[in-house]
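Peer 1: Pasting the sequence and the predicted model now:
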Amino acid sequence: MGILNVTPDSFYDGGLYFSLENIERQAEKIIQDGADFIDVGGYSSRPGAKNISEKEEMQRVKKAINVIKKSFPDVLISVDTFRSKVAEAALDEGACMINDISGGTLDNNMYDLVANRQVPYILMHMKGTPQTMIKQNTYDNLLLDLFSYFNHKIEKLKKMGVKDIIIDPGFGFAKNIRQNFLLLKNLAYFKALDRPMLIGISRKSMIYKSLGVEPEQALNGTTVLNTFAIQNKASILRVHDVKEAVECVKLYNLYNS
């Protein structure tokens, strides 16, 4: 899954893909590099990011999806939002999947939308909001707490008729660096939920802070941790650098063939 952030303040690529030309160019690169999905986001969810209005987020997302669909009508687009109205508008524009960082906790209407439209839903774990999550990384037992969170929400979604549910442990979302590595090491723990697992660790602080570099120098570290993620039963890698992730998957598959 290739990331396309239409935001001015995302932690790595903020402001790079704001114009129509840059959106189209980056979408083309993501597709040519071998991505299966493009994940379009109009709201920066980095720790402490500025909160923007629903209207502004919707305008950004609709603009990007419209541009992508005009040039690449067959591409699969996921919308990265926790707001049901933004998600609905994105689906109307041609998106086919919802990637919700809040797992439905920040908008009570999200599950109804997913059930009514019968689209795949990425259920992520986060506590609080992007503005408050950095202070909410206390757990009784990290793995058990996340397992319980997913199990409860999956059952609720299943009762509403939602069939395609993908889980995302939410690296960096209400988790410190030590907790992120504990989570990565134990990803296979969540296979008992019997759901595909998406992993988003691309260029995140668990990599660049651990290595003492900036996000721009965190590609090699991202590839290393993506390899561990695949080894530990990840199904989808959400990345900024698609070519390198595709190579990672290809070599891992050859190694295990």
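Peer 2: Right, received. Where do you want to start? Residues are numbered from 1 along each chain as shown.
Peer 1: which residue sits closest to residue 59, ignoring its sequence neighbours?
Peer 2: Take residue 59 and drop its neighbours on the chain: the residue closest to it by CB to CB, 6 or more residues apart in numbering is residue 42, 7.7 Å away. For glycine as for every other residue, the C-beta is placed from the backbone atoms N, C-alpha and C.
Peer 1: what about that neighbour, neighbour count?
Peer 2: 25 (other CB atoms under 10 Å).
Peer 1: Equivalent analysis for residue 181, please.
Peer 2: Per other CB under 10 Å, the neighbour tally for residue 181 reads 16.
Peer 1: Same question for the one 5 residues further on.
Peer 2: Each residue near residue 186 was counted by other CB under 10 Å, and the total is 14.
Peer 1: got it, and residue 101?
Peer 2: Residue crowding around residue 101 was assessed by other CB under 10 Å; the count is 24.
Peer 1: any idea which element the closest residue to residue 34 other than its chain neighbours lies in?
Peer 2: Once flanking residues are discounted, residue 34 sits nearest to residue 246: 4.0 Å by CB to CB, 6+ apart. Following DSSP states H and E, one finds residue 246 within helix 242-255.
Peer 1: Show the average pLDDT along that helix.
Peer 2: Mean per-residue pLDDT for helix 242-255: 97.
Peer 1: if I look at the residue nearest to residue 34, how far off is residue 166?
Peer 2: 19 Å (CB to CB, to the nearest Å).
Peer 1: next one: residue 243
Peer 2: Taking CB to CB, one finds residue 243 at 23 Å from residue 166.
Peer 1: could you pull out the helices for this protein?
Peer 2: 20-32, 54-71, 84-93, 110-117, 142-159, 177-185, 205-211, 219-231, 242-255 (DSSP state H).
Peer 1: Run through who's touching the first one.
Peer 2: Meaning helix 20-32. Contact with helix 20-32 is made by 2, 4, 6, 16-17, 38, 63-64, 67-68, 71-72, 75, 242, as judged by CB atoms under 8 Å, 6 or more residues apart in numbering.
Peer 1: Quick check: mean pLDDT of it?
Peer 2: 93.
Peer 1: And the fourth one, by the same measure?
Peer 2: In this model, helix 110-117 has an average pLDDT of 98.
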